[in-house]
Structure formats: structure tokens, C-alpha cells
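Student: Take this sequence and fold it.
(one chain, ligands or ions: 2)
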Amino acid sequence: MTESTPVDWELARTLAYRAGLSATGGAEQIPLGEADGRTLAEPLRTLTDLPAFPTSSIDGWAVRGAAPWRPVGRVLAGGAPEPLTEDGTCVEIATGAMVPDHTTALIRVEDSVTGADGRVSGEPRTGPVPDGRLPGEEARLGEELFPAGTPVDPAVIGVAATCGYESLSVYPVPRAALLVFGDELLTSGVPGAGRVRDSLGPQVPSWLRRYGATIGTVTGPVKDTLTAHVDAIRSALDTADLICTTGGTMNGPVDHLHPALAELGATYLVNTVAVRPGFPMLLARVPGPDGRPRFLAGLPGNPQSAVIALVTLVAPLLAGLRGRALPPLPTVTAGSDVAGRGDFTHLALAALDPTGRTATPVGHVGSAMLRGLANAHGFVVNRPGTRTTAGDPVPFLPLPLTPGERP
Ligand SMILES: Nc1nc2c(c(=O)[nH]1)N[C@H]1C(S)=C(S)[C@@H](COP(=O)(O)OP(=O)(O)OC[C@H]3O[C@@H](n4cnc5c(N)ncnc54)[C@H](O)[C@@H]3O)O[C@H]1N2
Ligand code: MOO
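Tutor: Numbering: from 1, shown residues only. Ligands and ions are numbered 1, 2, ... in the order given. Have a look, this model is predicted:
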């Protein structure tokens, strides 16, 4: 490994995020039905008043003037009604229908009576929720409803459709590749006799997807030679914006990542981070075949450390590449003490209580272990030079889990 000064953990996150943001791809138009999970590249402005026309919220009568009213027609949702031209007239109206011009009140069918002469009488409601909606009461034509950088979710898609869009201008999805290094790794069967199962090849793509990347190649184990490393990285550069590698970040006899990066003309953005576990992680910029910026995140081989490198460097980088904000870390209460790690940040795997306000460190958290990770909601962040005592407010770095994935 090249000599380097470990970068402060907070600074490493920021550097990774800024690097991603500076390399965000150009906007593309995506049909609404495919836009979930993307990020708006332009502000979303409504193409119409919302609602676009005066709309009835009830089934009943649109009336003009004083009762009784003579019915002169019917307007259903989807129709464009004639104006009511005379006092003492009404039209039957359906929920969602456009209210005729010169309507003075809307009467619910259940609040009306029709006399023997066919004329309608009744009282409009005066409650807090009106029985009709006025043009522009939800939004005015041209009003910005969401700024650029807004994550697109099903509700945003629904609003865009309501406003008149068929497609959205969004940032491209970053493309990731994974290269797993280590001749000792088995890809099937039970470990033993010096061999361990590759636990990163199967899990890292799923974390990357949750951070918003698509996964192209997953290759490994890549042979423990410098040539095989250089060749594997070079071929992943053809299609990936981000290459994640696992293992080989240190300077053991078969750790080839740093020499491979040197051979490929890479420049380090972060070369080791002052964090435990996970410190040998790195982020580099690698020249791609077409001049487009490519990134390589070197995740340490110890499996929990590899995930810490994902949450520390890869998640902020991908947030930037997707044009999103870097989510701030919420503050929680520490459920028990967390030891300091001297000048290094300590990321301690922890489970949240059902309120989500208290985080208690879990067991089985050695850097070679994954059991603690699979029982935690994220990491309590114990800052350099401090130790956390039960009851202290602490920053919490969540794993990208969905509700219900942890008891
Ligand atoms: N002399 C020193 N040795 C080590 C130090 C140190 O400071 N001085 N730091 C340790 C730390 S911390 C870490 S983390 C590891 C990082 O090492 P590498 O990134 O070079 O990873 P490897 O040596 O290839 O593997 C480490 C360990 O993890 C296992 N491994 C690797 N890949 C996988 C995988 N895909 N699935 C499951 N397990 C994997 C591998 O078998 C090793 O046991 O360096 C320490 N050493
Ligand atoms: O920091 Mo290593 O990354 O402890 O396993």
C-alpha cells in the first residue's frame, strides 16, 4: 500500500460526495412509469392550474340563482358544459365534472328534493370542506412544485402526471461493476481447510442497488496476480461509472490493488480513512477509455469493513452521481456505552428501538464478521477523541433498509 495519511471520516464522506456530484451525467427524459428511484434534473413546474377547471366534488346539482331550479341538462366527468344562462335553472352534475359558468351553488343529491313539476330545491352545504374545487387552488400554472435534485417516488410521478407530463427530466442511473479479489475464496460449499466463502460477491451488488446503482459485471474471484487485477479493472472500465473491488487494499504478499491503480494512472481522492473498522478503504479516479470520469472504490477484504467502506465512500459518491443531496445524519440516543478509537472515528453497529430514537450496539461486530451487521439498523458514529456514554446524543448512520427488514 502506498503511504498515506488517513482522511478524517466526515471529510472522506464529503470528498466522495463532491466527487460524485462533479461527475453527474447529463439529463435524460424517462417515461413516468420508469422514473421511480431517479432524481429530477430540472425543477418540476406544473403545466396547468391544478385543478385545471372548476370541478364538482359531489354528485348533485349545479344551480344558478334562487330555488326552485329547473333542470336544463346534465354534465358528467369529462364533459365541457354550456354556461347556465338563466337564474332558476340547474344541471345535474357528477363528481369530477366541470362546473358550468355562472353556477352559484352546488347541491348534493341527498340534500335535494325534486317537486312534482320537476323543479329541484335544496340547500348547499356550508361546512369546512367545499363541495367544489377552484382552478389553481392546489397549484398555479408554472408554479415550481419540486426543485431539481428531488428523488422521484410514486407520489412525485403521480403529481407529474396530474400536471400534464408524460416523461421526466432525470439524471442517469450510475452503472457499477464489482471485482472480488482473493484466491482463498470459495463461491460455493462450506468453508474449511484455509478457504472461506466469498460473502461480498453475493451481497455487495444488493447494497449498490439500494444506493441507486445498476450492476453490470460481477467478476471473481479475480486471480491474485497484478496482471489479472489490471486486466479485470481495465475491462470493467468499458461499461462502469464505478468499479468496486473487494480485498487487496493492504500490502500483503498478494495485495495488488495499489500497484494496479498505479499502472492504470489512477489518482486517489481518498487513500485510507481514519475509521475503525475499515481504515484501508480508498476511492480513486481512473481514466476511462472515452475520457468520462470513472471511479474505483477499494473495499477492504474483511467483510464488515467492506460494508463500512460502502456506507462511508460509495453511498455519498452515488448520491452525488445521482444528483441527490447527501442525507444528514440523524441524532439518536446511545442505548449503551461505545468505546472510542483514539484519533479514529468508531462506527459501532447498533440496533434502533421501535421508536427509532435509541440505538444500542449489537454483538458479533468483529471486522471479519457479518452477524452483527445483519442484526443492526446502522452505525452509531463515535467521533475521534471521544467515547460515548449511555444516554448521550450521537449521530447515527443508517443502513439502506426498508421498514420491516429488522424486527
Ligand atoms: N500488517 C497489517 N495487516 C493488516 C492490517 C494492518 O494494519 N497491518 N490491517 C488489517 C485490516 S484493518 C484490514 S480491513 C485488512 C484489509 O485487507 P485487504 O483489503 O488487503 O484484504 P485481504 O487481505 O484480501 O483480506 C482480508 C480478510 O478478508 C477476507 N476476505 C477477503 N475478501 C473476502 C470476501 N469476498 N468474502 C469473505 N472474506 C473475504 C480474507 O480472506 C481475509 O481474511 O487487512 C488487515 N491486515
Ligand atoms: O479496519 Mo479493518 O478494516 O479492521 O478490518
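
Student: which residues of the stretch 201-350 of the chain fall in strands?
Tutor: In the stretch 201-350 of the chain, strands defined by DSSP state E, counting those that start in this stretch lie at 214-222, 242-246, 267-271, 273-276, 282-287, 293-299, 331-334, 345-352, listed in chain order.

Student: Please produce a markdown table containing those strands, extended by mean neighbour count and mean pLDDT.
Tutor: The C-beta positions use only the backbone N, C-alpha and C, and glycine is treated the same way. A markdown table is the format used below for the strands of the stretch 201-350 of the chain (neighbours: other C-beta atoms under 10 Å; pLDDT from 0 to 100):
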| stretch | mean neighbour count | mean pLDDT |
| --- | --- | --- |
| strand 214-222 | 18 | 95 |
| strand 242-246 | 28 | 98 |
| strand 267-271 | 19 | 97 |
| strand 273-276 | 24 | 98 |
| strand 282-287 | 21 | 96 |
| strand 293-299 | 26 | 94 |
| strand 331-334 | 19 | 98 |
| strand 345-352 | 24 | 98 |
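
Student: need those strands in a markdown table with distance to ligand 2, can you?
Tutor: Compiled in a markdown table, those are given as follows (distance: least, C-beta to the nearest ligand atom, whole Å):
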| stretch | distance to ligand 2 |
| --- | --- |
| strand 214-222 | 19 |
| strand 242-246 | 12 |
| strand 267-271 | 14 |
| strand 273-276 | 6 |
| strand 282-287 | 12 |
| strand 293-299 | 9 |
| strand 331-334 | 22 |
| strand 345-352 | 10 |
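
Student: who wins for proximity to Ala236 among those?
Tutor: Checking the strands of the stretch 201-350 of the chain against Ala236 by C-beta to C-beta gives strand 242-246 as the closest, at 4.7 Å.

Student: Excluding chain neighbours, what is closest to whichever residue of the stretch 251-400 of the chain sits closest to ligand 1?
Tutor: In the stretch 251-400 of the chain, the residue found nearest to ligand 1 is Gly301; the distance is 2.4 Å by C-beta to the nearest ligand atom. In this structure, Gly301 finds its nearest non-sequential neighbour in Gly247, 3.4 Å apart by C-beta to C-beta, 6 or more residues apart in numbering.

Student: I'd assumed Thr14 was in contact with Leu317.
Tutor: No: with contacts counted by C-beta atoms under 8 Å, Leu317 stays clear of Thr14, the gap being 11.0 Å.

Student: who's more crowded, those two?
Tutor: More neighbours surround Leu317 than the other of Leu317 and Thr14, with 30 against 14 (other C-beta atoms under 10 Å).

Student: tell me the pLDDT at Met1?
Tutor: Among the per-residue scores, Met1 holds a pLDDT of 49.

Student: follow-up on the earlier one: go through the strands of the stretch 201-350 of the chain and name the closest to Ser57.
Tutor: Taking C-beta to C-beta as the criterion, Ser57 comes closest to strand 345-352 out of the strands of the stretch 201-350 of the chain, the separation being 41.5 Å.

Student: Please export the C-alpha coordinates of the closest one as PDB.
Tutor: Output of strand 345-352 as PDB, limited to C-alpha atoms (Å, rounded to 0.1, in the frame of the first residue of the first chain):
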ATOM      1  CA  THR A 345     -13.900   7.600  14.200                       C
ATOM      2  CA  HIS A 346     -15.500   4.400  15.600                       C
ATOM      3  CA  LEU A 347     -18.500   3.100  13.600                       C
ATOM      4  CA  ALA A 348     -20.400   0.800  16.000                       C
ATOM      5  CA  LEU A 349     -23.100  -1.400  14.600                       C
ATOM      6  CA  ALA A 350     -26.300  -0.700  16.500                       C
ATOM      7  CA  ALA A 351     -30.000  -1.600  16.600                       C
ATOM      8  CA  LEU A 352     -32.700   1.000  16.900                       C
END
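
Student: How many residues are close by the closest residue to Met98 other than its chain neighbours?
Tutor: Using C-beta to C-beta, 6+ apart and skipping residues adjacent in sequence, the residue nearest Met98 is Phe53, 4.7 Å away. Number of residues near Phe53 (other C-beta under 10 Å) recorded here: 14.

Student: Pull up the per-residue confidence for Phe53.
Tutor: At Phe53 the predicted local distance difference test score is 97.
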